[in-house]
Every structure is written in C-alpha cells, then in structure tokens.
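S.K.: Predicted model and sequence below, questions to follow.
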Amino acid sequence: MSAPFPGYTLGFVQSMLTEQSGRASGWFKDLELRSMFQPAFSLPHKKAVGFDANLRDEGEDGGIVAPEAKFGPVDNFSETCLLDLLGVTVHVHNFASSRKSKNLLFLNLHPEVFLDFGHNAQFVTALFAHYRIPKHRMVLDIPCYLLKLERLDAAIDAYRALGCLISIDDLGVENADFDSVMRTGPDIVKIDHSVVAGAVANDSVRKTLLHAVSLLHEMGTLVLLKGVESTAEALLAIETDADFASGSYFGPLVEDVDQFDEPGGVLDNLWNTYKENREPGRAHEAESRAALDEHTLYSSHIKKLRSASPADIHRYRDQRRPFIAAIQRAGALMETGTGFEAACADFLKLDGAIRCFLLGGDGGQIGPELPGVAPPAPQRANFSDLIERMDGDWSRRDFFRRAMREPAVVQVTRRYRSLAGYAHCVTFSIATTVDGKPVVICGDVDWSTHASIH
C-alpha cells in the first residue's frame, strides 16, 4: 500500500460525474460507472425497505462490478480510494434524486477505505449533507472477514457517530464467529446466498440456518437473506423468520429507483403459499424450533446473557408481573366485548410500554397499533417508519405462534431487536376470541427501562 494521502474533497469527486436525464455516472480512466439498485424487502411488511447499490461498468462488457473484482488487493491506495468514493457518490447522487429516497440505501466501501475513517468519514459527512439524505438511512456494509481486525471497532464507532447504520455482509453460518458479530453490534446481518441455497437442498443446513437466525435476533440484530432466486428459497426466508430478503425472485435490478414498482402481489402470494403448504411439515418444523434452545450455542456472550443469579431472576419475574397482568386483563375484556383500545389502556400506561397491536388468527395485523402513553424513544433505526403498510404478517414470530398454541396463556419473548428500532424489545401476547374468532393481543415493552435480565 502506498503512503497515506490527505483525502479527497466532495467537490473534486463530483467533478468526475456527468449527468444525463437526471442520472449521474462517474468516469474513472476509460470506465463509465453507473448505479444499479437491488431492492431489499421487509418480509413481515411485504414491502421494500431499502435498496442495495451496485456499480455497473460500462467499459468492456457492461456487467455488474463485483466488489472482489473491482476492489481486490490494494496496490495503490490513493487510486483505490478515489474509485471507491466516486462509486459511492454516483449511488448517493442517483438515490437522492429519486422520490423514494426515504428508504434505506446499502453502500459498500472498500475495506481499506472504510478503515481509513480519519479521512473518509469526513467525506461521507459532506456527501450526505450535500444531498440532504438523513444519515440514519445509510447502511454501510462490512465484509464478514473483517470482524477479527482490532482496528475495525474504531472505524465502526466513527461511522456510527455520524448516524450511519452498520451491516455485516456475506455471513456464513457453519463456522461463523458470532462472538465477533455480537461485539460489533451490527444493525443488520446479511446471510450469503450460498447458505440459503444449501439450506434448501440440505436439511442439516436448514436447521443450522434456523438456529442462526434465532440466535442473531437474540443478539439484537436484524437478518437479511441475500440472493433469493426461487420460490423454495423465498419460502425458506419466511420459515427462518428472517426480517428482510433480496434477490432476483422479487424482481430485477433497476437503474432508477423511481422505476421500481412494489411487487405486492408476489409477496402476498408467497405468504399464502407458505401457509397453505406448511401444515404437512408443521411437526417437523416445530421439532426443529424446539431443539434450538438445546442446541450448542455458538456465542459465549449469549451464554452470559442467559446466566443470572437467583436474585436477578426473582427481580426480573417481579418486573414482568404488571405487564402479564395487564395483557391478561386485555384478553379477558376483549372476549367479553370490550373494544381493543379500552382493553389495552392499562398496559399502555405502564413504564416502558411501546405499543399494543392486534393480530388475526392467521397472523395478519388488524387495524393500526396503539402507542404507549409515554413510549420510550427508539434507540436504533425505526424500519417500520419507512414502510407505509399496516397489513403486515407476523405469523412467523414467536409471540404469535406460542400464543396460538396456548390460548388464554400469556407468552413472553426473550428480548430482541424490533423492526421499530428498539434494541431490547420484549413482547407480551395472549390469544383470545372475539365474536368466536381467534385473535392475538400483543404488547411491546422497551426492556432497557427495566432490568438487564432477559
């Protein structure tokens, strides 16, 4: 690698852009670099939550530029950095000019450019300020092989201080370093397509993937399955309870985000297919899920989270009682004809109560959620705020499945990272009947306002 350099300014990099019909491209030597965007979908919401930015090389073959091909070993850091920052600027320019720029934008920085945060965090700040994009909508991807580098933590802290979200890219599951993932604390973990394809073909890999997603949720991160190409892989994404998915199954890459049309029917049909076909395999699936707690844990940090003294456990149970009693009352009241809002009033007054929401017997949300009287502010990005759709499907979540298995019994989840931006969410739920039909009442609590025992 060459000696350090003083850094590039946004104005200098922008001088390498050309614009035609509102679309910018970047020129580097004899290559014209253009943006292509791959939508990423929230599976429960059945709607796009963001776009993964890719470079198209309009040089020799016009193909998508793979990071490992364009951003391989660094012989000239100054040149690598310039090419990388140019690509990012092209993406942000084109994304900011779209009507859908309220969504997330996933960006890849070359690992060495990311680690050189002393220079490049300043560039990123100027870039987002110039295009008036909130930094909490920018997700910086980190390849998983960087997790063991000691200098990674300082770089992540620097970009987080700017407000950016962090994603770990291309995680495997067989030999993944979950301790490092938890230490890094990413907002999203992207699981590589090779794992998804392997899980479809091999039941052992499928069980491992189920366990990995469950573990990552408990560690406080959201999960995205990459490269979903077939119906079987898309159904697997639902089965694993992944939060997000992306890939050609949902539609092609687009040059202009405004050209993208929500494939709502595709996702609605996918959920319908899953529910129609899951009955024959339900016993096998339940067995796999039940085995997760007995499975050897990959993370020593999770073992520490689950260990507590008798005094801690007693205190935790005491702190749960008001929420259990309140959700139990809500179930009893609704069963006798009380409306949802009145039934949940006591729960919504409790310290730390975020919201209540009602699900039908199929896991679909019924009506809008009810906010707590004094809801805590989210600690992380609120992905639900990016998505204007209230007919989400929560049938894969533990708080729904367990409640349906044991009607009239209050269920309590472990803490998890919620799509609404709470890093320590605990959901209380109970199944009851209204007019002879099953419903599940759910109440979310920000447990960071209570004990740190989960």
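M.R.: Perfect, I can see it now. Bear in mind the structure is a predicted one, so any value in this text is a computation, not a measurement.
S.K.: can we go C-alpha only for contacts and neighbour counts from here?
M.R.: OK.
S.K.: Tell me where the chain is predicted with low confidence.
M.R.: Applying pLDDT under 70 to the chain flags residues 1-7, 58-75, 100-101, 279-309, 388-390, 450-454.
S.K.: Where do the domain boundaries of it fall?
M.R.: For the chain, automatic domain parsing gives the domain ranges 10-290, 308-449.
S.K.: Contact partners for Pro322?
M.R.: Counting by C-alpha atoms under 8 Å, 6 or more residues apart in numbering, Pro322 touches Leu350.
S.K.: list the buried ones in the helix or strand hosting it?
M.R.: Assignment of secondary structure by DSSP states H and E places Pro322 within helix 310-335. Neighbour counts over helix 310-335 (16 or more other C-alpha atoms under 10 Å) mark 316, 320, 323-324, 326-335 as buried.
S.K.: Touching stretch 143-152 from outside, list them.
M.R.: By C-alpha under 8 Å, 6+ apart, stretch 143-152 touches Pro111, Leu115, Ile168, Asp169, Asp170, Leu171, Ser180, Val181, Thr184.
S.K.: how about a cut-off of 7 Å?
M.R.: With contact meaning C-alpha atoms under 7 Å, 6 or more residues apart in numbering, stretch 143-152 is reached by Leu115, Ile168, Asp169, Asp170, Leu171, Ser180.
S.K.: tell me which of the residues you listed is nearest to His211?
M.R.: Using C-alpha to C-alpha, Leu171 is the member of the contacts of stretch 143-152 that sits closest to His211, with 14.0 Å.
S.K.: give me every residue that touches that closest one.
M.R.: Each residue near Leu171 by C-alpha under 7 Å, 6+ apart is listed here: Cys144, Lys190, Ile191, Asp192.
S.K.: As JSON lines, the contacts of stretch 143-152 with distance to Ala245 and secondary structure would be great.
M.R.: Formatted as JSON lines, the contacts of stretch 143-152 follow (distance: C-alpha to C-alpha, whole Å; DSSP: H, G, I helix; E, B strand; the rest coil):
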{"residue": "Leu115", "distance to Ala245": "27", "secondary structure": "helix"}
{"residue": "Ile168", "distance to Ala245": "14", "secondary structure": "strand"}
{"residue": "Asp169", "distance to Ala245": "13", "secondary structure": "strand"}
{"residue": "Asp170", "distance to Ala245": "13", "secondary structure": "strand"}
{"residue": "Leu171", "distance to Ala245": "14", "secondary structure": "strand"}
{"residue": "Ser180", "distance to Ala245": "23", "secondary structure": "helix"}
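S.K.: Now the two most distant members of these.
M.R.: Maximum distance among the contacts of stretch 143-152 (C-alpha to C-alpha): 19.3 Å, for Leu115 and Leu171.
S.K.: wait, doesn't Arg34 sit right on Ser25?
M.R.: Yes - if you go by C-alpha atoms under 7 Å, Arg34 and Ser25 touch, sitting 4.9 Å apart.
S.K.: what ranges do the helices span in the stretch 351-454 of the chain?
M.R.: Taking DSSP state H, counting those that start in this stretch to define them, one finds helices in the stretch 351-454 of the chain at 398-405.
S.K.: Look up how far Val440 lies from Ile238.
M.R.: Relative to Val440, Ile238 is positioned 20 Å away (C-alpha to C-alpha, to the nearest Å).
S.K.: who has more neighbours, the two?
M.R.: The neighbour comparison of Ile238 against Val440 (other C-alpha atoms under 10 Å) goes to Val440, with 28 against 19.
S.K.: Contacts only, for the more buried one.
M.R.: Applying C-alpha under 7 Å, 6+ apart, we find Val440 in contact with Leu358, Leu359, Gly360, Phe400, Ala403, Ser429, Ile430, Ala431, Thr432.
S.K.: Present these as CSV; the columns should include distance to Trp271.
M.R.: Listed next are those as CSV, based on distance: C-alpha to C-alpha, whole Å:
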residue, distance to Trp271
Leu358, 19
Leu359, 15
Gly360, 15
Phe400, 15
Ala403, 20
Ser429, 22
Ile430, 23
Ala431, 21
Thr432, 24
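S.K.: List buried members of the residues you listed by neighbour count.
M.R.: Among the contacts of Val440, those scoring as buried are Leu358, Leu359, Gly360, Phe400, Ala403, Ser429, Ile430, Ala431, Thr432 (criterion: 16+ other C-alpha under 10 Å).
S.K.: how many other residues sit next to the spatially closest residue to Arg329 that is not a sequence neighbour?
M.R.: Using C-alpha to C-alpha, 6 or more residues apart in numbering and skipping the chain neighbours, the partner closest in space to Arg329 is Ala343 (7.2 Å). Neighbours of Ala343 under the rule other C-alpha under 10 Å: 22.
S.K.: same question, Leu127
M.R.: Number of residues near Leu127 (other C-alpha under 10 Å) recorded here: 22.
S.K.: Can I take it that it is in a helix?
M.R.: Yes - under DSSP: H, G, I helix; E, B strand; the rest coil, Leu127 sits within a helix.
S.K.: what sits against the closest residue to it other than its chain neighbours?
M.R.: Nearest residue to Leu127, sequence neighbours excluded (C-alpha to C-alpha, 6+ apart): Leu10, at 6.5 Å. Residues in contact with Leu10 (C-alpha under 7 Å, 6+ apart) are Phe123, Ala126, Leu127.
S.K.: Distance check, the residue nearest to Arg329 against Ile441.
M.R.: For Ala343, the distance to Ile441 - C-alpha to C-alpha - is 10 Å.
S.K.: same thing with Gln319?
M.R.: On the measure of C-alpha to C-alpha, Gln319 and Ile441 end up 20 Å apart.
S.K.: what do you get for Arg315?
M.R.: To Ile441, Arg315 is 25 Å away according to C-alpha to C-alpha.
S.K.: go on, Ser78?
M.R.: Per C-alpha to C-alpha, Ser78 is found 57 Å from Ile441.
S.K.: out of the two, which sits in the busier spot?
M.R.: Between Ser78 and Ile441, counting by other C-alpha under 10 Å, Ile441 is the more crowded of the two (26 against 19).
S.K.: what's the span of stretch 400-409 from first residue to last?
M.R.: 12 Å.
S.K.: which other residues reach that stretch?
M.R.: Counting by C-alpha under 7 Å, 6+ apart, stretch 400-409 makes contact with Gly363, Trp394, Ser395, Gln411, Ser429, Ile430, Ala431, Thr432, Val440, all of which sit outside it.
S.K.: and the nearest residue to the second one once chain neighbours are set aside, how far is that from Val412?
M.R.: To tie it back to what came earlier, the one meant is Trp394. Distances taken as C-alpha to C-alpha, 6+ apart place Gly363 nearest to Trp394, at 5.0 Å, with adjacent residues excluded. Using C-alpha to C-alpha, Gly363 is found at 17 Å from Val412.
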